[in-house]
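In: take this sequence and fold it.
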Amino acid sequence: MANMGSSLDVLQAALSQVGNVNTGPSGLLKISTPTAFGLNYLMPMLPAMRERYPNLRVEWHLENRQVDIVAEGFDVTVGGGIGRGEGLVAVPLAPAHLIAVASPSYLATHDVPKNPTELVALEGIVIRSSNQGRVRQWTMRNAENQEAVAELRESLIVNDAVGVIQAARLGMGVGLLVVPDALPGLLDGSLVRLLPDWWVDAGKVSLFYSTRNLMPAKSRAFIDFVKEEFARQHYDEKFYGSAASH
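Out: Model (predicted):
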């Protein structure tokens, strides 16, 4: 009888796997993304992803902080939501290049800088890290591989890129934004790029997941779907600071 019970367990497990193949990935997918990036680029993918994977539910945390993927129970984090623990795998999506932006109204009453070192003469809109409690200083570069420190005066301090976007649009000063966060404002004319030949190379916008357990089907489905959409939209090309001459 024990063998029969064991055989039934194996059969039920096999049938469960067949059901999973037929229905696709299911369950709750918990992800963390920076606010502006998540709203502008990833959330618009949800309708198509839901159509492809109707049994997949999403719990989305929009936040500009480093999260502990394992301790907080996240399946995938994106960009700025990187945990510091070991055992994480990065899946690069596109470059993380920062550019200097301001509103047309602000630039109408201030001298336009010709070099990153001249940014210090303008009001700066900066982000204070929620994890480290400090304002990060950036070094800009150009196509000739020249480098210069982009020192911004801390005229306004916020804790999220959304605050930098809105304050810059309101004419409060100059902010450094990753290209994907700056693009909507550059396209609608509410923001103007300063120093078009200069940008900050901050690495890659990436998806992160933990290797502590086998990757669930729901995580693999999300990662593959996002990679597919990024390739289709050519975001890897659009997010280059050296090419963003808007």
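
In: for this protein, which residues score under the pLDDT cut-off?
Out: For the chain, residues meeting the criterion pLDDT under 70 lie at 1-23, 80-86, 130-132, 213, 243-246.

In: all helices of it, in order?
Out: 2-23, 35-37, 46-52, 104-107, 161-169, 179-188, 217-233, 235-238 (DSSP state H).

In: mind checking those for the one nearest to Ala148?
Out: Across the helices of the chain, Ala148 has its closest neighbour in helix 179-188 (18.8 Å, CB to CB). (Each C-beta comes from the backbone N, C-alpha and C, glycine too.)

In: could the helices of the chain go into a markdown table alongside mean neighbour count and distance to Gly73?
Out: Below are the helices of the chain laid out as a markdown table (neighbours: other CB atoms under 10 Å; distance: least, CB to CB, whole Å):
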| stretch | mean neighbour count | distance to Gly73 |
| --- | --- | --- |
| helix 2-23 | 10 | 21 |
| helix 35-37 | 21 | 20 |
| helix 46-52 | 12 | 20 |
| helix 104-107 | 16 | 42 |
| helix 161-169 | 22 | 25 |
| helix 179-188 | 20 | 27 |
| helix 217-233 | 17 | 12 |
| helix 235-238 | 15 | 28 |
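
In: distance to Ala71 added to the ones you listed, as a markdown table?
Out: Shown next, in a markdown table, are the helices of the chain (distance: least, CB to CB, whole Å):
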| stretch | distance to Ala71 |
| --- | --- |
| helix 2-23 | 28 |
| helix 35-37 | 22 |
| helix 46-52 | 26 |
| helix 104-107 | 42 |
| helix 161-169 | 25 |
| helix 179-188 | 28 |
| helix 217-233 | 17 |
| helix 235-238 | 30 |
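
In: those: which one's closest to Ile125?
Out: Between Ile125 and these, the shortest separation by CB to CB is 4.7 Å, and it involves helix 161-169.

In: for the closest one, packing partners?
Out: Applying 3 or more CB pairs under 8 Å, 6 or more residues apart in numbering; DSSP states H and E, one finds that helix 161-169 makes contact with helix 35-37, strand 123-127, strand 153-158, strand 174-178, helix 179-188.

In: so can I have JSON lines of those showing distance to Asp111?
Out: What follows is these, written out as JSON lines (distance: least, CB to CB, whole Å):
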{"stretch": "helix 35-37", "distance to Asp111": "28"}
{"stretch": "strand 123-127", "distance to Asp111": "12"}
{"stretch": "strand 153-158", "distance to Asp111": "14"}
{"stretch": "strand 174-178", "distance to Asp111": "12"}
{"stretch": "helix 179-188", "distance to Asp111": "21"}
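
In: quick one: which of these is nearest Leu195?
Out: strand 174-178 (9.7 Å).

In: what lines up beside the longest strand seen in the chain in the sheet?
Out: Counting residues, the longest strand found in the chain (DSSP state E) is strand 88-102. In the sheet, strand 88-102 lines up against strand 174-178 (antiparallel), strand 192-194 (antiparallel), strand 200-210 (antiparallel) (DSSP bridges).

In: so how far is it off the chain centroid?
Out: Strand 88-102 has its C-alpha centroid displaced from the chain centroid by 7 Å (CA atoms, centre = their mean, to the nearest Å).
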